[in-house]
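S.K.: Using only what follows, build the 3D model:
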Amino acid sequence: MGLSAVAAGSAQAQSASNPALNAPDQVAWQLFIQVNSRAGGSNSVFETWASDTDTFQPTPQFPTAPTPPSLRRPVLPQVARDGVQAAGGLLPALPPGISDGVTEETRRNKATFDFIVQNDLYKVSGLKAAFGKNLSFPVDAVEVKANWVPVSAIPAFTNNRVTIAQVPQLYHVNSAGGVQYALVAMHVISKLVPNWTWATFEHKSNPARCDILGCRDAFGAQQAVVPSNRTAGQGYPDCVKTPALAALLKAADIDPVYENYCLKGSQADFVDNVGLDIRVGNSVTEDGFVATASCMTCHGRAAWNKNGQATSQAGFLSFSPNGPIGPLGALLPNWYWSFNSQPPIFEGKPGLTRTATSADFVWSIPFCAIDDTQSPVPQSNCAGK
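M.R.: Model (predicted):
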C-alpha cells in the first residue's frame, strides 16, 4: 500500500480537508497498514527499509532485501533512569520485560534515507556545513521506531497474559542473532504535514498500554476512549476494531497478527484549541515519563550546533528527584537562538543569533551522525546499542 493510497484514503477521510490533520487516527491506521504490509516471507515492508546502522556509516546503503532487526537498548527509558539517578531520585519503574532484553530499532523509507544521504546529514562534517540551513524532508518521508521483546520473555512481559506457544498467532515475529523477537510497540511518523504526523501503537497484551494517559482512537477502536486503570500494569481489554478499520485490514495484504495491535494515540499539534499541552506516550518507548510525553515536542527539539554535535539545550528530558520530565507544548526560540531583546521573537529581529539548527524532528541525525572529522572514523553512537 503506497502513499498514494494513504493520501486517497476512504470516503470518510476524503470528506475532511487535509485528513492528516483532521482525521489523524484514520491516517495513522493507513500508515500502519502501509508499513506493515507483506514484503515477502514473514517480513513486513518496514523490515525492507534502512536502519540507523544502514544510514549512519561511511558509505550508507539502502537495503536491497529484508534485513533482520538492527537492535539496541531502548534509548529513552535508559536516559530517564540515568538522569533520575544522577539527580538523586528514585529510579522509575521499567516495563516487566525490560530486564529481559526489550530492544528497539529505527527504520526509514527510501525518501527519508535519500534526503539524509544527499544532504550529508549522516556525518558530522555534513552537519557543520548545513548549520544555519532550514531543512525539510519530502512529503513522502516515513519513519518507524519498533520495540521488540525476545519471544522467551513474552510471558513475563505480559504478566502471563500470553504464553510462548501463543506468540506466533498473536505477534509479528522476526529473528536477530539467532534469537526470536516479538514486536510489542511501534511509532509511525510521516511528513504528510510540515510537522510530521505522529502515532504510536502497542500490542493489545501490553500490561501498561493505556496507563497514565489512557488510549484514544476515534477511527479504529469501537471503544474510542479507554481510561487509565487506577492500578498500573494490570492490562486492558482488546481494542475491538470498528467496521471501517476491519474493512481496511481485510482489503490490505497484511498478516492477520497485526489485528492484535492497538492505536494508543496520535498527535497533530503541540497544544489543543484551549492551549493545553497535547500528550502522547508509549508505555514501552517512553517508559518512565509517559505523563509528560509529547512526540511532536520531543522531536521538535532535535538539533545540532555549529560543531555538528547534538545541542545540550535541546535535550529531550529534564530531571528532578521526583522523576524525568519530557518537554511539552510549542517549541521555544531559545532552543535554537540566543537573543538580547524581549519577546516576541521573530526572524529578522535585531540581536537574534542562531545557536542550533533543526534536524526537522529527526533525532537520529544529531545522535547517530558518524564523526568523520576524526581519523579513523569511529562507529556511530547508534550502532550496536
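
S.K.: show me where pLDDT drops low in the stretch 151-300 of the chain?
M.R.: Residue ranges of the stretch 151-300 of the chain with pLDDT under 70: none are present.

S.K.: any idea of the pLDDT on residue 334?
M.R.: pLDDT for residue 334: 88.

S.K.: same thing with residue 123?
M.R.: 97.

S.K.: Burial check on it, number of neighbours?
M.R.: When neighbours are defined as other C-beta atoms under 10 Å, residue 123 has 23 of them. (Each C-beta comes from the backbone N, C-alpha and C, glycine too.)

S.K.: What segments of the stretch 201-350 of the chain are strands?
M.R.: 215-216, 225-226, 261-267, 303-304, 318-320, 323-325, 337-339 (DSSP state E, counting those that start in this stretch).

S.K.: Nearest approach to residue 55 belongs to which of the ones you listed?
M.R.: Closest approach to residue 55 among these (C-beta to C-beta): strand 303-304, 15.8 Å.

S.K.: If you average the pLDDT over that closest one, what comes out?
M.R.: On average, strand 303-304 scores 94.

S.K.: So which residues make contact with it?
M.R.: Here strand 303-304 makes contact (C-beta atoms under 8 Å, 6 or more residues apart in numbering) with 127, 131, 310-311, 314, 335-336, 356-359, 365-366, 369.

S.K.: are any of those buried, and which?
M.R.: When the contacts of strand 303-304 are checked for burial by 16 or more other C-beta atoms under 10 Å, the buried set is 127, 131, 310-311, 314, 335-336, 356-359, 365-366, 369.

S.K.: Let me know the closest of the residues you listed to residue 271.
M.R.: residue 335 (16.5 Å).

S.K.: looking at it, that closest one is touching residue 298, isn't it?
M.R.: No - using C-beta atoms under 8 Å, residue 335 is not in contact with residue 298, being 11.8 Å away.

S.K.: Can you check which residues contact both of those two?
M.R.: Between them, residue 335 and residue 298 share no contacting residue, judged by C-beta under 8 Å, 6+ apart.

S.K.: out of the strands of the stretch 201-350 of the chain, deepest packed?
M.R.: Highest mean neighbour count of the strands of the stretch 201-350 of the chain: strand 261-267, a mean of 25 (counted as mean count of other C-beta atoms under 10 Å).

S.K.: ok, for the residue nearest to the spatial centre of the chain, nearest residue in space, not its chain neighbours?
M.R.: Centroid-nearest residue in the chain: residue 187, 3.9 Å away (criterion: C-alpha atoms, centre = their mean). Closest residue in space to residue 187, ignoring its immediate chain neighbours: residue 145 at 4.2 Å, by C-beta to C-beta, 6 or more residues apart in numbering.

S.K.: and that neighbour, helix, strand or coil?
M.R.: Residue 145 carries the three-state label strand when classified by DSSP: H, G, I helix; E, B strand; the rest coil.

S.K.: For it, give the beta-bridge partners.
M.R.: Here residue 145 sits in beta bridges with residue 106, residue 187, going by DSSP bridges.

S.K.: give the contact list for it.
M.R.: Contacts of residue 145 by C-beta under 8 Å, 6+ apart are 104, 105, 106, 107, 186, 187, 285.

S.K.: Show me which of those residues is closest to residue 68.
M.R.: So of these, ranked by how close each gets to residue 68 (C-beta to C-beta), first place is residue 105, at 9.6 Å.

S.K.: Tell me where the chain has helices.
M.R.: Here the chain has its helices, by DSSP state H, at 3-8, 11-14, 19-22, 24-36, 52-55, 75-86, 110-118, 124-129, 154-157, 167-170, 243-251, 295-300, 364-368.
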